[in-house]
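Novice: need coordinates for the below:
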Amino acid sequence: MSLGGIAIAVGAMIDAAIIMVENAHKSLEQFREEHGREPNNGERIDVIVLAAKTVGRPLFFSLLVITVSFLPVFSLTAQEGRLFKPLAFTKTFSMFFAAILAITLAPVLMTLLIRGKIAPETKNPLNRFLISLYEPALNFVLRFRWFVLLGALCLLLLTIFPFAKLGKEFMPPLNEGTLLYMPTAVPGMSITEATKILQIQDRQLKQLPEVTTVFGKAGQAETATDPAPLSMFETIVSLKPFDQWPRGMTWDKFLGELNMNLRTPGMANIFWMPIQTRTEMLTTGFRSALGIKVFGPDLQGIENLAVQIETAIGDLPDTRSAFAERTVGGYFLDFDVNREAAARYGLTAGDVNDVVETAIGGKTITTTVEARERYPVRARYAPDFRQDLDSLKRVLIPTPTGAQIPISLVADIRYRTGPPSIRDENGQLVGFVLIDPATSNIDGYVRHATKRIAERVKFPAGYHIEWAGQFQYIKQAEQRLKIVVPLTLLIIFVLIYFNTRSVVKTSIVLLAVPFSLIGAFWLLWLLGYHMSVAVWVGLLALAGLDAETGVVMLLYLDHAWEKFRAEGHMKSMSDLRAAIHEGAVQRLRPKVMTACAILFGLLPIMWSPITQTGADVMKRIATPMIGGVGTSTLLELLIYPIIFLMWRGRKLEDES
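Specialist: The predicted structure follows:
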């Protein structure tokens, strides 16, 4: 993610240098046209320094705006904050130092390195081709300006369609190259049955051509950090590189085939990434991407509701699996001591419990010392004497008289059902429903599932549900961004105002933001992406780039306006059109170069394979930036001259 910050900033970091060098070239070209000769060394340095001063202040503020645009990312917390803050730090530091170097080092290097005869723009065939395309388009939009503005407004309104079609997800999956398969059964499964099912599932997984190795585990390891019951399997599936997969196979198609082929009666399938699963289990308690918390006063009532919810959404489209954890489905072996019967044999409840602990559970009786190693020695009955209920009833208890009696005479031994674990949250009992959705549109899935639950499940008084997992993260991030994003836009407005000293100019610059949203949302929709924290990071980066491109476009138009006024040529609308033509057409090359620098810096991100770790995240950051910069540059070249003509034209009429 740290390198990702540099990847999305590398194009913007050189924009200021491009504008600086281009402006110096243009100034040297104008000097040659005015004086009919090349400047000497002193004149060349003066021209370059003056050219740098002309654009230095706007460029510094535009790069500062790009730096500030990432402030909302620093406000993110929890998982999204830990993921994106390294990216935000590297991008912010890169752009900050790029802004400083643009006004300090770049002018010095220009005076040292820009030498010799500077070829005019008209000698560049690519530039001539671009001008031949842009000049008639500019003349057209200036002539039919109201029609063009109406078309731009309609295009902006049409963007509502792809935006409404975009779903919401918290975070695109970070492909780890391995898969965690976690089927879950109801409590009470024996070790023999769990071993048998685990081996069958492992064999089925190993037969797939995309799989290299399979390692499954049922139950808990010998550690307090793994309180997993036998009914919860964890199978690590190592996959081959994506280029070795069968032709036409995609990640979603692969998961779909896994879900269809691995159907174990009574067990719900859950597929996820190993590291991501551990993170989610630590933060939310759920081992699936989505979950429902069922709150209520009684465990049996909670389980009944959870099972009804499991049934209701089990056949919902895009539900890969749904499983309600049984809150009272655990099996326990209870030894109830009959104190009166034990007293007749001279025994206490403690005497009976000692036998249960030692003979059945096992008790450490001593420790062996082997050099520096220590080993506990535990004693208990052999498995044949404690493997079933009848054997346990025959366990002998010594009495004070020396006789030994079976434990069944002094204790009632029977199986009971009860809660395998008890969860509580905010002072209420709670049960979990684990959901593995087949879609990444978490928000849309939750809306449909909520409607289905409301239709099919009746809630008794005192019971309610809450959605958890990634949906909870989505809502938390949205609430935070609703506050921070408007505040950041206000800071950007203030920074641009300090540069332009004009509310009108600042508003014109910020018009680039809605223009860029057109390409951003359409490209997101075409690629099938959903709104996520990664997309929001890309949109924030795009807002800063929009401000920069808008500042550059307005800068050249303003320079042409001031030049014509200084020469006394700004007396009519035809003079204004000529100034706009010079500021737009004759300065086309730096605008296209800055846009291309940004796009060329982002395009390699889109070429990365889909299974590469982090590719999904980086693509969702780069996509709105690529689409936004494209439409923003195109509409700025066409719409900004119209707005500038209407604004300056009204002022020209007032002066007349």
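Novice: rounded mean pLDDT for stretch 162-175, please.
Specialist: Computed over stretch 162-175, the mean pLDDT rounds to 80.
Novice: buried sites along that stretch?
Specialist: 162-163, 166-172, 175 (16 or more other C-beta atoms under 10 Å). No exception for glycine: its C-beta is placed from N, CA and C like everyone else's.
Novice: can you redo those residues as JSON lines with secondary structure and distance to residue 14?
Specialist: Supplementary listing: these in JSON lines, determined by DSSP: H, G, I helix; E, B strand; the rest coil; distance: C-beta to C-beta, whole Å:
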{"residue": "162", "secondary structure": "helix", "distance to residue 14": "31"}
{"residue": "163", "secondary structure": "helix", "distance to residue 14": "32"}
{"residue": "166", "secondary structure": "coil", "distance to residue 14": "32"}
{"residue": "167", "secondary structure": "coil", "distance to residue 14": "36"}
{"residue": "168", "secondary structure": "strand", "distance to residue 14": "35"}
{"residue": "169", "secondary structure": "coil", "distance to residue 14": "33"}
{"residue": "170", "secondary structure": "coil", "distance to residue 14": "34"}
{"residue": "171", "secondary structure": "coil", "distance to residue 14": "31"}
{"residue": "172", "secondary structure": "coil", "distance to residue 14": "29"}
{"residue": "175", "secondary structure": "coil", "distance to residue 14": "31"}
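Novice: tell me the one of those nearest residue 7?
Specialist: The nearest member of the buried residues of stretch 162-175 to residue 7, counting by C-beta to C-beta, is residue 172 at 16.2 Å.
Novice: which residues does the closest one contact?
Specialist: 440, 529, 532, 534, 616-617, 619-620 (C-beta atoms under 8 Å, 6 or more residues apart in numbering).
Novice: out of those, which are inside helices?
Specialist: Secondary-structure check on the contacts of residue 172 using DSSP state H: residues within helices are 534, 616-617, 619-620.
Novice: and residue 431, its phi and psi?
Specialist: Residue 431 has phi and psi values of phi -120, psi 150 when expressed as degrees, to the nearest 10.
Novice: tell me, how many residues neighbour it?
Specialist: Around residue 431 there are 27 other residues, counting by other C-beta atoms under 10 Å.
Novice: skipping adjacent residues, who's closest to it in space?
Specialist: The spatially closest residue to residue 431, leaving aside those adjacent along the chain, is residue 302, at 4.1 Å (C-beta to C-beta, 6 or more residues apart in numbering).
Novice: residue 464 is in contact with the one you found, correct?
Specialist: No. Residue 302 lies out of contact with residue 464 (C-beta atoms under 8 Å); the separation is 10.8 Å.
Novice: okay, and the common contacts of these two?
Specialist: Here residue 302 and residue 464 have 295-296 as joint contacts, going by C-beta under 8 Å, 6+ apart.
Novice: neighbour-wise, which of the two wins?
Specialist: The neighbour count for residue 302 versus residue 464, taken as other C-beta under 10 Å, is higher for residue 302 (26 against 12).
Novice: thinking again about what came up before, so of the buried residues of stretch 162-175, which two are at opposite extremes in space?
Specialist: Between any two of these, the greatest separation by C-beta to C-beta is 27.1 Å, found for 163 and 175.
Novice: mind listing the strands for the stretch 301-450 of the chain?
Specialist: 319-324, 330-337, 363-370, 373-379, 396-398, 404-406, 411-418, 423-425, 428-437 (DSSP state E, counting those that start in this stretch).
Novice: and the gap between the residue positioned nearest the centre of the chain and residue 83?
Specialist: By C-alpha atoms, centre = their mean, the mean C-alpha position of the chain lies nearest to residue 171, the distance being 3.2 Å. For residue 171, the distance to residue 83 under the criterion C-beta to C-beta, to the nearest Å works out to 7 Å.
Novice: overlap of the contact sets of the two?
Specialist: Each of 533, 617 lies in contact with both residue 171 and residue 83 under the rule C-beta under 8 Å, 6+ apart.
Novice: and the strands of the stretch 301-450 of the chain as JSON lines, adding distance to residue 557 and mean pLDDT?
Specialist: Compiled in JSON lines, the strands of the stretch 301-450 of the chain are given as follows (distance: least, C-beta to C-beta, whole Å; pLDDT from 0 to 100):
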{"stretch": "strand 319-324", "distance to residue 557": "55", "mean pLDDT": "82"}
{"stretch": "strand 330-337", "distance to residue 557": "75", "mean pLDDT": "83"}
{"stretch": "strand 363-370", "distance to residue 557": "86", "mean pLDDT": "89"}
{"stretch": "strand 373-379", "distance to residue 557": "83", "mean pLDDT": "89"}
{"stretch": "strand 396-398", "distance to residue 557": "99", "mean pLDDT": "88"}
{"stretch": "strand 404-406", "distance to residue 557": "101", "mean pLDDT": "89"}
{"stretch": "strand 411-418", "distance to residue 557": "78", "mean pLDDT": "84"}
{"stretch": "strand 423-425", "distance to residue 557": "60", "mean pLDDT": "82"}
{"stretch": "strand 428-437", "distance to residue 557": "50", "mean pLDDT": "85"}
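Novice: as CSV, those with distance to residue 110 would be great.
Specialist: Output for the strands of the stretch 301-450 of the chain, formatted as CSV (distance: least, C-beta to C-beta, whole Å):
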stretch, distance to residue 110
strand 319-324, 59
strand 330-337, 76
strand 363-370, 77
strand 373-379, 73
strand 396-398, 97
strand 404-406, 100
strand 411-418, 80
strand 423-425, 63
strand 428-437, 56
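Novice: which of those sits closest to residue 111?
Specialist: Minimum separation from residue 111 across the strands of the stretch 301-450 of the chain (C-beta to C-beta) falls at strand 428-437, 60.6 Å.
Novice: returning to what we had before: what's near enough to touch the residue nearest to residue 431?
Specialist: Under the criterion of C-beta under 8 Å, 6+ apart, the contact list for residue 302 reads 294-296, 327, 429-431, 463.
Novice: quick revisit: to residue 200, which of the strands of the stretch 301-450 of the chain lies closest?
Specialist: Counting by C-beta to C-beta, residue 200 lies closest to strand 319-324 out of the strands of the stretch 301-450 of the chain; the figure is 18.0 Å.
Novice: run through the bridge partners of residue 434.
Specialist: Here residue 434 shows beta-bridge partners residue 291, residue 323, assigned using DSSP bridges.
Novice: re the thing from before, and residue 634, which of the strands of the stretch 301-450 of the chain is closest to it?
Specialist: strand 428-437 (37.6 Å).
Novice: and the closest one, which residues are buried?
Specialist: Along strand 428-437, these residues count as buried under the neighbour rule (16+ other C-beta under 10 Å): 429-437.
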